[in-house]
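Chemist: got a structure for you, letters missing:
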DNA sequence: ACTCCTTAGGATATCCATGTCCGATTATAT
DNA sequence: ATATAATCGGACATGGATATCCTAAGGAGT
């Protein structure tokens, strides 16, 4: 419901990176281990986030990924627009190509206000905030299976 | 966002059937034409809805599909529970297997109230209502491409 | 220079939702 | 009985998201 696996991985990874000391690159492998996610696949996702300007990457020793300057304030909406594509917030719930106030599907006027709530929530949450929440230890970024301790 | 193609087809088809005179079977081919949807695939979906008890089917001449007695009052939530599976309303937005008030992901407490709105909306809308809305002519059940007139 | 460690990126594999095809089955009309 | 018209159900095809593999390129330490 709502998010692709790719987006879920991306958000988890970005939050995790945001919890780490800024400027110190984080290894793809470490993120993958921590989130219990396939590392080769995660690498693709992180590389994409680099191209999109959210992350910086460094090769070689002491390499890794870190949030680009100023990107701690990035909202989830911005992230998802990158990972799900720009049409993310515009789709009709019934899948109609044309569905607006003028040409509405039968669910349109009930769906629009609900969608607004979803988008508002996504606009509201920033990586920084979410990272802080995780740092309190009250919230969990991934399932336990592997190593439960950080 | 939110619904699979299968669910979209199912909902569209059910609404369309609900707009037709009750007791008179509707042809799969007619529905597919009207909704501009692949008919062989739609047939599978309708057959499934039969097994699930929402529709009745009749073979041979004068055959087709019609809403089972009393199913006009079915909510979208009920439909989607059938087409998306029972976990539809229970998934964590970040994809965690375990995510509850007790073991929450960092989005959990912001997401839950929004999800409640979505589910409430889906519980609220019935096939009957949606069908009536379509019958006013103010709403559109499918894109135009094929035959615009009903 | 050399080695080691990391990301970059292309090629390939797998999985699943979606979509197609065809023959079997069932019901009606003549 | 036969022809016709529709669903039923299994097998198969396709495409895109997900996942893996391998080599190249780049940076740090010795």
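Modeler: Sure thing, it's come through. This one's a predicted model, so the numbers in the text were calculated from it and none came from an experiment.
Chemist: Okay, residue A:78 and residue A:10: tell me how far apart.
Modeler: 11 Å (CB to CB, to the nearest Å). No exception for glycine: its C-beta is placed from N, CA and C like everyone else's.
Chemist: between these two, which one's more packed in?
Modeler: Per other CB atoms under 10 Å in any protein chain shown, whichever of residue A:78 and residue A:10 has more neighbours is residue A:10, with 24 against 16.
Chemist: do you know how far the more buried one is from chain B?
Modeler: Separation of residue A:10 from chain B (CB to the nearest CB, to the nearest Å): 10 Å.
Chemist: What residues does chain A have near DNA strand C?
Modeler: Within chain A, the positions near DNA strand C by CB under 7 Å from any atom of the strand are A:25, A:27-29, A:40, A:43-44, A:46-47, A:50-51, A:57-61, A:63-65.
Chemist: The residues you listed in strands, which ones?
Modeler: Using DSSP state E, A:57, A:58, A:64, A:65 are the members of these that sit in strands.
Chemist: Could I get the contacting residues of the second one?
Modeler: For residue A:58, the contacting residues are A:25, A:64, A:65, A:66, by CB atoms under 8 Å, 6 or more residues apart in numbering or on different chains.
Chemist: List only buried entries from those residues.
Modeler: Using 16 or more other CB atoms under 10 Å in any protein chain shown as the burial test, the contacts of residue A:58 include A:25, A:64, A:65, A:66 as buried.
Chemist: sorry, back to before: and which of the contacts of residue A:58 is nearest DNA strand D?
Modeler: Using CB to the nearest atom of the strand, residue A:25 comes nearest to DNA strand D of these, at 10.0 Å.
Chemist: Closest one to chain B out of the ones in strands among the residues of chain A next to DNA strand C, please.
Modeler: Minimum distance to chain B across those is 19.2 Å, recorded for residue A:65 (CB to the nearest CB).
Chemist: Quick one: residues contacting residue A:49.
Modeler: Contacts of residue A:49 (CB under 8 Å, 6+ apart): A:10, A:14, A:55, A:82, A:83.
Chemist: Could you measure from it over to DNA strand D?
Modeler: Distance, residue A:49 to DNA strand D, using CB to the nearest atom of the strand, to the nearest Å: 14 Å.
Chemist: Next: residue A:137.
Modeler: As judged by CB to the nearest atom of the strand, residue A:137 and DNA strand D stand 27 Å apart.
Chemist: Tell me the spacing between that residue and residue A:44.
Modeler: Taking CB to CB, one finds residue A:137 at 30 Å from residue A:44.
Chemist: Comparing the two, which residue is more hemmed in?
Modeler: Using other CB under 10 Å as the criterion, residue A:137 and residue A:44 rank with residue A:44 on top: 13 against 8.
Chemist: What's the per-residue pLDDT of that one here?
Modeler: We have a pLDDT of 98 for residue A:44.
Chemist: Kindly report the same for residue A:7.
Modeler: So, for residue A:7, pLDDT stands at 98.
Chemist: Against which helices or strands is the helix or strand containing it packed?
Modeler: Using DSSP states H and E, the element containing residue A:7 is helix A:5-19. Helix A:5-19 makes packing contacts with helix A:28-35, helix A:39-51, strand A:64-67, helix A:76-84, helix A:127-135 when contacts are defined by 3 or more CB pairs under 8 Å, 6 or more residues apart in numbering or on different chains; DSSP states H and E.
Chemist: Burial check on residue A:4, number of neighbours?
Modeler: 14.
Chemist: Surely it and residue A:85 touch.
Modeler: No - with contacts counted by CB atoms under 8 Å, residue A:4 stays clear of residue A:85, the gap being 10.0 Å.
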